[in-house]
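Enquirer: Predicted model follows, preceded by the sequence.
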Amino acid sequence: MKCIKTKAPGKLMIAGEYAVTEPGEWALVMAVDRYIEVTLSEYRPGQAKNENLKEYMETGPYIEALGLKISWKCDKDKITSQKAPSVLDHLLKAMETAMKYVRKRGKEVDLFNLRVESQLHDPKTGKKLGFGSSAALIVAVIKGILAWTELDISQDELFVLALRCHSDLQASGSGGDVAGAVYGGFFAYRNVSREILLENQILKKESYIQPMVMPEEMEMVVGWTGYSASTKDFLSKYREFTNNCSKSYGLWLKKNRENISGLIRAFKDQNADGILEGIYRNHLLLLELDTKADLGILSQELVMLVDAANGIPYEGRLSIKGQNIGDIPRISSGKLSGAGGGDCGICFIKRRVFKSDQDLKTALDWLELQWQVNGIVKTETCIDGTRGLEKSS
């Protein structure tokens, strides 16, 4: 039986949140080794239902995702599914986008069943972890349908196709999560303006992607607050601030631009001290934005996460909230990752300041304990090492 599998990684926003929603602004994005996997299989009328899943319809080819099983139909590139919940909007939109592309290329799509498995949601609660699951889903679904119809597509063309799809549902986003799902790895990303996006079928990656390398001496730890937040709602409040307080926003944006430029340079130079300083400054800039715009992005859990990340013990002393004490340099920096309000945060630690691996482990155990008592879960993840997608048949 014909079967196609594709997967796309989630992402972490390392620095540059909010500012990167402006065309031409840069951010640092890391694709992670957690994935959305999509499986397309041959549809056979009358096949048995899975009684363990919640079903809305009983006939036709089906979609299985997030504990749901629903039937779907395609009528002139329009995907319809009775009683489909809004949580599947991105999936259905991705299917429509792929179907239209296939027909533009002069081919038809044989009906298929589609199953989604996610490592970007908490397995116990189904809550999003804040790793850009919607973008990863869109990329994996589009790639899967094109593979199903035996159509090849370049990564650059896939990026434009997926970003247009994502923008139709979330016009205020930056596209960094889509870039992470398409290209994988760690990179600096520049926001592509909607005008350029609509005018071009393919964009040269070099115009909006700069590959980055994480220094070997740098340890990254990710913590999850235990609940997800609405990126769309935060971006809406952010836009109110940018429209009503243009002068204050312009000054903030300029400071952010300078810091991101310095961070990109620090990563290129493999300058660990410069990276830690830039990450901490990005935290301060987000704190300033939160105060000025009254966004609420620094929740109590995220404040605790960052305070612990910036206060890791070193030789019996603490670097309180990221401030240097005496002649002890900064050894760690923490910040929220993404839109904030929940989801996750990150901590960077400089390995070489510890005399042994055991000393480093002790520091990491201390950080994890501080997070645990505040309801924050250490989440195992690292940089995605694939091209962003895989397929098999």
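Expert: Now that the structure is in, tell me what you want to look at.
Enquirer: Now residue 95. Its backbone dihedrals?
Expert: Main-chain torsions, residue 95, degrees, to the nearest 10: phi -60, psi -50.
Enquirer: Please name the nearest non-neighbouring residue to it.
Expert: The shortest distance from residue 95 to any non-neighbouring residue, by Cβ to Cβ, 6 or more residues apart in numbering, is to residue 79 (4.8 Å). To be clear about C-beta, it is placed using only N, CA and C from the backbone, and glycine gets the same treatment.
Enquirer: any idea what the one you found is structurally, helix, strand or coil?
Expert: strand (DSSP: H, G, I helix; E, B strand; the rest coil).
Enquirer: Quick one, grab the pLDDT at it.
Expert: At residue 79, the pLDDT value in this model is 84.
Enquirer: what sits opposite it in the beta ladder?
Expert: Taking DSSP bridges as the rule, residue 79 bridges to residue 74.
Enquirer: Out of the helices and strands in the protein, which is least certain?
Expert: Within the chain, no helix or strand scores below strand 317-318, which has a mean of 48 by mean pLDDT, DSSP states H and E.
Enquirer: Residue 187 contacts residue 209, doesn't it?
Expert: Yes: assessed by Cβ atoms under 8 Å, residue 187 is found in contact with residue 209 at 5.1 Å.
Enquirer: shared neighbours, those two?
Expert: Common neighbours of residue 187 and residue 209, using Cβ atoms under 8 Å, 6 or more residues apart in numbering, are residue 179.
Enquirer: Looking at these two, which is more packed in?
Expert: residue 187 (24 against 21; other Cβ atoms under 10 Å).
Enquirer: What is the neighbour count of residue 243?
Expert: 9.
Enquirer: Determine whether the claim that it is in a helix is correct.
Expert: Yes: when classified by three-state DSSP, residue 243 is found to be part of a helix.
Enquirer: separation between it and residue 197?
Expert: In this view, residue 243 and residue 197 are 22 Å apart by Cβ to Cβ, to the nearest Å.
Enquirer: Which elements pack onto the helix or strand hosting residue 251?
Expert: Using DSSP states H and E, the element containing residue 251 is helix 246-268. Helix 246-268 is packed against strand 3-15, strand 26-42, strand 186-190, helix 272-293, with contacts defined by 3 or more Cβ pairs under 8 Å, 6 or more residues apart in numbering; DSSP states H and E.
Enquirer: Check what pLDDT the nearest residue to residue 304 once chain neighbours are set aside gets.
Expert: In this structure, residue 304 finds its nearest non-sequential neighbour in residue 374, 4.2 Å apart by Cβ to Cβ, 6+ apart. Residue 374 is assigned 94 on the pLDDT scale.
Enquirer: What is the burial count for residue 374?
Expert: The burial count for residue 374: 18, using other Cβ under 10 Å.
Enquirer: Just to check, it is in contact with residue 303?
Expert: No: using Cβ under 8 Å, residue 374 is not in contact with residue 303, being 9.3 Å away.
Enquirer: contacting residues around residue 149?
Expert: Neighbours of residue 149 in contact, by Cβ under 8 Å, 6+ apart: 102, 107-110.
Enquirer: Select from those the one having the most neighbours.
Expert: residue 102 (19 neighbours).
Enquirer: Can you give me the buried ones in stretch 28-48?
Expert: Buried residues in stretch 28-48, defined by neighbour count with 16 or more other Cβ atoms under 10 Å: 28-32, 34-41.
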